[in-house]
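# only the shape, not the letters, is given here:
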């Protein structure tokens, strides 16, 4: 039996988990000393979450690009969103604006990929594998 992974659903789930983490993190950070939990504020934990989101999201969007629609817009939107999110960790001055902007760009990437995959009835390029 061949294992089939739904990369789009996995990417959307990772983005949702990331969004929940980003929304709840400011609320939890104030209670960390009371709870004795310190791994959530660890830079390595943040980097691991970000790397996981980039790997899963990039794989999901690359799959849609390569096998279905051959449009670069979702990949560019995702890359820009992740770039803005990384910038958010470097420049803390505009944190809320940057988080909102990155969330909009990443969500737009998944929406465009989903829409383009639905519109692709068949492939138009020689590199299609289906």
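That came in fine, so what should we check first? Because the structure is a prediction, the values reported are computed rather than measured.
# next secondary structure after the least confident helix or strand in the chain by mean pLDDT?
Least confident element among the helices and strands of the chain, by mean pLDDT, DSSP states H and E: helix 32-35 (a mean of 62). Scanning the chain past helix 32-35 towards its C-terminal end, the next helix or strand to appear is helix 43-64 (assignment: DSSP states H and E).
# quick one: low-confidence ranges for the protein?
Low-confidence regions of the chain, defined by pLDDT under 70, span residues 1, 3, 26-41, 121-130.
# packing partners for the helix or strand hosting residue 13?
Assigned by DSSP H and E, residue 13 falls within helix 7-29. Contacts defined by 3 or more CB pairs under 8 Å, 6 or more residues apart in numbering; DSSP states H and E place helix 7-29 against helix 43-64, helix 95-119. For the C-beta atoms, the positions are set from N, CA and C on the backbone; glycine is no exception.
# give the buried residues for the helix or strand that comes right after the first one.
Secondary structure here is assigned by DSSP H and E; on that basis, the next helix or strand after helix 43-64 toward the C-terminus is helix 73-90. Buried residues in helix 73-90, defined by neighbour count with 16 or more other CB atoms under 10 Å: 74, 75, 77, 78, 79, 80, 81, 82, 84, 85, 88.
# identify the residue spatially nearest to the first one, adjacent ones excluded.
Excluding the flanking residues, the one nearest residue 74 by CB to CB, 6 or more residues apart in numbering is residue 113, at 4.0 Å.
# from residue 57, how far out is that neighbour?
Taking CB to CB, to the nearest Å as the measure, residue 113 falls 10 Å from residue 57.
# now swap in residue 107 and tell me
Counting by CB to CB, the gap from residue 107 to residue 57 is 11 Å.
# residue 88 now?
From residue 88 over to residue 57 (counting by CB to CB), the distance is 16 Å.
# related to what we said a few turns ago, who has more neighbours, residue 107 and residue 57?
Comparing residue 107 with residue 57 by other CB atoms under 10 Å, the one with more neighbours is residue 57, at 28 against 17.
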